[in-house]
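1. Predicted model and sequence follow; I will ask about them next.
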Amino acid sequence: MIFISRGKFEDLVNEGIKQIPKKFLEKLDNMDIIIEDEPTEAQMEKLKLGINSRLFGLYEGIPQTKRGYYSGVLPDKITIFKKTFEEVCSSEEEIKERVGQTVWHEIAHHFGMDEERVRKVEKKRKM
């Protein structure tokens, strides 16, 4: 397990956001990206994840492709879970890489991609 300060982790999340192509960043609408140490029980239950499951990030909101009349609603939220990266990664460089992947993954959900499609796109990005 590796420990990284909250400030450094925030910097890595911000770097991950900067890696997103500008054409997507310009179209983010009503979105907050936050950092929490770990998911809540409610978040784990909502996703039907067991106690030993690991969650790096979570998108909660209404994807842009499913918005009809969209006014006066709370922002969509992407949560990045710091402790998961510390538990799984063996170096700061690995955390940086995985945070970038996770930020992209969750933003893709904001644009309406389901889990299967996001994983296909991620696979192509790695090639």
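-> Arrived safely, thanks for sending.
2. Relative to its centre, which residue of the protein is most distant?
-> Taking Cα atoms, centre = their mean, the residue of the chain most remote from its mean C-alpha position is Y69, at 25.4 Å.
3. any idea how far that residue lies from E60?
-> Y69 sits 20 Å away from E60 when distances are taken as Cβ to Cβ, to the nearest Å. Every residue, glycine included, has its C-beta placed from N, CA and C.
4. next one: S91
-> Applying Cβ to Cβ, the value for S91 to E60 is 30 Å.
5. And for D11?
-> 24 Å.
6. Next, the residue farthest from the centre of the chain: secondary structure please.
-> Following DSSP: H, G, I helix; E, B strand; the rest coil, we place Y69 in the coil state.
7. So which elements touch the lengthiest helix in the chain?
-> If each helix of the chain is counted by residues according to DSSP state H, the longest one is helix 92-110. Packing partners of helix 92-110 (3 or more Cβ pairs under 8 Å, 6 or more residues apart in numbering; DSSP states H and E): helix 6-18, strand 31-36, strand 57-60, strand 76-81, helix 82-88, helix 115-126.
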